[in-house]
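Engineer: Next come a sequence and a model predicted from it.
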Amino acid sequence: MSPAPALPTVHVCEQARLSRDARFDGLFFTAVTSTGIYCRPVCPAPSPKPQNVRYYPSAAAAETAGFRPCLRCRPELSPGNDNWRHGDHVVSRALKLIEHGSLGELSLEQLAERVGVGARQLRRLFVERLGAPPISVHTTHRLLFAKQLLTETALPVTEVALASGFGSLRRFNAAFLQANRIPPRELRRHPRATVDDALVLRMGYRPPYDFEALLSFLRTRALPGVEQVDEHSYARVFGPADAPGWLRLSAWPGAEHALQLQLHCPRPEQLLGIVGKLRRMFDLDADPQMIGDTLRDDRVLKPLLQRRPGLRLPGGWDGFEIAVRAILGQQISVAAARTLATRIVQRYGTPLTTPAVAGLERLFPGPEALADADLGALGLTTARANTVRGVAQALLDGRVDFRSEQPLDEFVARWIGLAGIGEWTAHYMAMRALSHPDAFPAADLILRRVAAGDGPELSTKALTAKAEAWRPWRAYTVMHLWRSASDAAPLPRSRPTKTTT
């Protein structure tokens, strides 16, 4: 599946800019030739003369063209453009690697090899779709994050450089000065104070955004000791065990389209990765308008989209954790699976010596802790215990993994090769651990019932055929159909095979 067009039409860009339409925030950027500045389409500054306006598909494209980011609307706060990341196109897969910092470790040639093309072709595709080569996208991503840290936190400049992926303060200062025309220290006039020894960052999204529904999904699955979810926020502790951190996400006060992240992270070099992980986990870069345009013609989905237009795809913090919980949930209720997972955390999770937040005192165990664990004593069936241990060993051996850039079909094929893992479980893991927007557990009993509308329950084959029209957003239909069943009446959470959850 090819990514979306690089840029909306000029007419659409004009209308969105003039109306400051937040639905287009991050889908394009506006540059003004008379000032040399580029802005978000929601910028509150007076509209420039039309002849001075240029439109770019990405912040990197605007910076490559010689424009610097606006200090008023702050392009670093715009949501990402997930339309480029959906599906298994080369650009989508390479972008995921870049956002994980891979170009800080790999050459362009090595990055291109990871996604199966040559370096020249990858560069051409990036310029064609994003308006800038991979290295410019990588650099802009890091510098905009650094700009947010300088503006919103009191982190020392040296730590900002580390947090944004620069190994050298000198290189960071030079790159920042070139992109922003001012040195980092000049930007920091009034740094924000911390709250409870935590950084406070804004994490923007494109409306509508149903944070309440997302929290509801996570709350029924929250693991005591590892995470806390109430009606207003999500909190979690994370590793490493010798320097653990914690985070809390809640709605940003007021009407701004953003979440508030409180983050205590002892290691600055983890910051960029954690923020990226949370953006994926809470699906902050999705474009609900594009998703709706694909799905609203379906008779069953149309009223669901009208009821909850901002429903998002809830991801998971860690791939192995999602895999274990998926296995535990085979043919039992969400509550029962959560009980089993809690026992595993209490028995094999890593306890924190000095918990920073009350109630958050353990890390979920890694595969090395469960590869030989006695799970039968915790209430797991022999089959489930064997599957959990087998998955843990397969991850340690490198037979399977959770690399975000791998195509969906490749991911599923590798995972169903393991004993006890079927297509439903593999697609569920792709949906939650990879946040793959087209993952689709077609064997799911509730999906087959609700998708049938007023008709008889669909077979797995019939639902798979029907869902072809929902590509590349089939995972969103899963959330809408599940939510519809939950809103209508409590249905049994059992599944047709042992490889479901």
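Structural biologist: Cool, the structure landed.

Engineer: Distance check, the closest residue to residue 360 other than its chain neighbours against residue 352.
Structural biologist: Nearest in space to residue 360, with sequence neighbours left out and distances taken as CB to CB, 6 or more residues apart in numbering, is residue 237 at 4.0 Å. Where you see a C-beta, it was placed from the backbone N, CA and C, and this is true even at glycine. As for residue 237, its distance to residue 352 is 7 Å (criterion: CB to CB, to the nearest Å).

Engineer: Tell me, how many residues neighbour residue 239?
Structural biologist: 15 (other CB atoms under 10 Å).

Engineer: Can you give me every residue that contacts it?
Structural biologist: By CB atoms under 8 Å, 6 or more residues apart in numbering, residue 239 lies in contact with 350, 363.

Engineer: Tell me the confidence at it?
Structural biologist: For residue 239, the model assigns a pLDDT of 91.

Engineer: And residue 155, by the same measure?
Structural biologist: pLDDT, residue 155: 92.

Engineer: and the residue nearest to it when sequence neighbours are not counted, what is it in contact with?
Structural biologist: Nearest non-adjacent residue to residue 155, counting by CB to CB, 6+ apart: residue 149, 5.5 Å away. Applying CB under 8 Å, 6+ apart to residue 149 gives the contacts 155, 160, 163, 164, 199, 201, 271.

Engineer: and of those residues, the nearest to residue 303?
Structural biologist: The nearest member of the contacts of residue 149 to residue 303, counting by CB to CB, is residue 201 at 36.4 Å.

Engineer: Isn't the closest one up against residue 272?
Structural biologist: No: contact criterion CB atoms under 8 Å: residue 201 and residue 272 do not qualify, at 11.4 Å.

Engineer: Identify the contacts common to the two.
Structural biologist: Common neighbours of residue 201 and residue 272, counting by CB under 8 Å, 6+ apart, are absent.

Engineer: related to what we said a few turns ago, count of residues packed around the residue nearest to residue 360?
Structural biologist: Residue 237: 23 neighbours (other CB under 10 Å).

Engineer: Looks to me like it is in a strand.
Structural biologist: Yes: counting by DSSP: H, G, I helix; E, B strand; the rest coil, residue 237 falls inside a strand.

Engineer: who does it bridge with?
Structural biologist: Beta-bridge pairing for residue 237 (DSSP bridges): residue 246.

Engineer: Surely it is in contact with residue 361?
Structural biologist: Yes: applying CB under 8 Å as the test, residue 237 and residue 361 come out as touching, 7.3 Å apart.

Engineer: okay, and the common contacts of those two?
Structural biologist: 352, 355.

Engineer: thinking again about what came up before, from the contacts of residue 149, which land in helices?
Structural biologist: Within the contacts of residue 149, residues falling in helices by DSSP state H are 160, 163, 271.

Engineer: How much space separates the second one from residue 101?
Structural biologist: Using CB to CB, one obtains 11 Å as the distance from residue 163 to residue 101.

Engineer: what residues are shared contacts of those two?
Structural biologist: residue 272.

Engineer: Tell me which of the two has more neighbours.
Structural biologist: residue 163 (25 against 18).

Engineer: any idea of the pLDDT on the more buried one?
Structural biologist: 96.

Engineer: And for residue 87?
Structural biologist: 66.

Engineer: tell me the phi and psi of residue 370?
Structural biologist: With angles defined as degrees, to the nearest 10, residue 370 sits at phi -110, psi -10.

Engineer: where do the helices sit along the stretch 351-500 of the chain?
Structural biologist: Using DSSP state H, counting those that start in this stretch, the helices of the stretch 351-500 of the chain run over residues 367-370, 382-397, 408-415, 423-432, 445-450, 460-466, 474-488.

Engineer: And the last one, what's buried?
Structural biologist: By neighbour count, with 16 or more other CB atoms under 10 Å as the criterion, the buried positions of helix 474-488 are 474, 475, 476, 477, 478, 479, 480, 481, 482, 483, 484, 485.

Engineer: Pick the one among these closest to residue 79.
Structural biologist: For these, the nearest to residue 79 is residue 476 (16.4 Å; CB to CB).

Engineer: so who does the closest one touch?
Structural biologist: When contacts are counted by CB under 8 Å, 6+ apart, residue 476 touches 291, 295, 311, 313, 437.

Engineer: circling back: any chance of the buried residues of helix 474-488 in CSV, plus distance to residue 264 and pLDDT?
Structural biologist: Below are these laid out as CSV (distance: CB to CB, whole Å; pLDDT from 0 to 100):
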residue, distance to residue 264, pLDDT
474, 37, 97
475, 31, 97
476, 32, 98
477, 37, 98
478, 34, 98
479, 30, 98
480, 35, 98
481, 38, 97
482, 33, 96
483, 32, 96
484, 38, 95
485, 38, 93
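
Engineer: Now render those as a markdown table, adding distance to residue 225.
Structural biologist: As requested, the buried residues of helix 474-488 are exported to a markdown table (distance: CB to CB, whole Å):
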| residue | distance to residue 225 |
| --- | --- |
| 474 | 34 |
| 475 | 29 |
| 476 | 31 |
| 477 | 33 |
| 478 | 28 |
| 479 | 27 |
| 480 | 32 |
| 481 | 32 |
| 482 | 26 |
| 483 | 28 |
| 484 | 32 |
| 485 | 30 |
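
Engineer: Which residue lies nearest the spatial centre of the chain?
Structural biologist: residue 280 (0.7 Å; CA atoms, centre = their mean).

Engineer: Dihedrals phi and psi, it?
Structural biologist: phi -70, psi -50.

Engineer: quick one, what contacts it?
Structural biologist: 315, 435.

Engineer: Show me how far the longest helix along the chain is from its chain's centre.
Structural biologist: In the chain, taking DSSP H as the definition, the longest helix is helix 134-152. Remark: helix 134-152 is offset 18 Å from the chain centroid, using CA atoms, centre = their mean, to the nearest Å.

Engineer: got it, and stretch 432-449?
Structural biologist: Using CA atoms, centre = their mean, the offset of stretch 432-449 from its chain centre is 17 Å.

Engineer: Can you check the distance spanned by it, start to finish?
Structural biologist: 22 Å (CA to CA, to the nearest Å).

Engineer: which parts of that stretch are buried?
Structural biologist: Buried, per 16+ other CB under 10 Å, within stretch 432-449: 432-449.

Engineer: so for that stretch, what's the average pLDDT?
Structural biologist: Mean predicted lDDT for stretch 432-449 stands at 96.

Engineer: Also stretch 48-62?
Structural biologist: 96.

Engineer: got the CA positions of that stretch in CSV?
Structural biologist: The C-alpha trace of stretch 48-62 is given here as CSV (Å, rounded to 0.1, in the frame of the first residue of the first chain):
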residue,chain,number,x,y,z
PRO,A,48,0.8,36.7,5.0
LYS,A,49,0.2,37.9,1.4
PRO,A,50,-0.7,34.9,-0.7
GLN,A,51,2.2,35.5,-3.1
ASN,A,52,4.6,35.0,-0.3
VAL,A,53,3.2,31.6,0.8
ARG,A,54,4.8,28.3,0.0
TYR,A,55,3.5,24.9,1.2
TYR,A,56,5.7,21.9,2.2
PRO,A,57,4.7,18.3,3.1
SER,A,58,7.0,18.1,6.1
ALA,A,59,9.0,20.3,8.5
ALA,A,60,12.1,18.8,7.1
ALA,A,61,11.1,19.9,3.6
ALA,A,62,10.6,23.5,4.8
